[in-house]
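Enquirer: Could you work out the structure for the sequence below:
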Amino acid sequence: MTATSIRAHATSNVWLIRALVAAFLILVVYSLLVVPAHRYFAQRSVVADRSAQLGDIRSANAEMSQRLKRLDDPDEIQRIARRDYGLVTEGEESYTILPAATAGLNLPSGWPFGLLSESVRRVAAGEN
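Expert: Residues are numbered from 1 along each chain as shown. You can find the predicted model right below:
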């Protein structure tokens with residue numbers, strides 16, 4: 001080996017060592033800065049979603065608290081009992097009005113039902 005080839009070989013080794021050190025430093029910087037930054041921004045997104053959910057829960061909780069306060073009022077209890085369960089106080093009478101029948105009376109077409117169907121139709125129409 002000549003001095004020139006030794007110098008060229010040493011120079012290539014120096015460049016190889018420098019490249020390896022640079023790659024190592026890039027890896028260290030990446031692992032110390034980029035990965036935590038990525039996790040930080042991902043966590044910020046999760047925190048924002050959870051904050052929105054917490055706001056919704058707090059709003060629902062406030063509504064439930066208001067409803068609970070209303071249910072402590074005897075007038076509200078009476079209103080709900082009348083509306084939902086048809087309850088009345090002592091001395092009152094309750095009436096229920098049924099809706100008009102929407103389905104007609106369907107009689108079979110054979111004898112003797114054919115004779116009755118016209119009479120039933122007139123009575124239902126109020127013609128009689």
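Enquirer: Show me the shaky parts of this structure.
Expert: Low-confidence segments of the chain (pLDDT under 70): 1-10, 101-107, 128.
Enquirer: Please, where are all the helices along it?
Expert: Counting by DSSP state H, one finds helices in the chain at the ranges 3-29, 35-71, 74-85, 113-125.
Enquirer: Make TSV from those helices and add distance to residue 98 and mean neighbour count to it.
Expert: (C-beta placed from N, C-alpha, C; glycine too.) Listed next are the helices of the chain as TSV, based on distance: least, CB to CB, whole Å; neighbours: other CB atoms under 10 Å:
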stretch	distance to residue 98	mean neighbour count
helix 3-29	81	10
helix 35-71	31	10
helix 74-85	18	11
helix 113-125	16	11
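Enquirer: Tabulate the ones you listed (TSV), appending distance to residue 95.
Expert: Shown next, in TSV, are the helices of the chain (distance: least, CB to CB, whole Å):
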stretch	distance to residue 95
helix 3-29	84
helix 35-71	27
helix 74-85	13
helix 113-125	24
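Enquirer: right, so of the ones you listed, which gets closest to residue 99?
Expert: Checking these against residue 99 by CB to CB gives helix 113-125 as the closest, at 15.5 Å.
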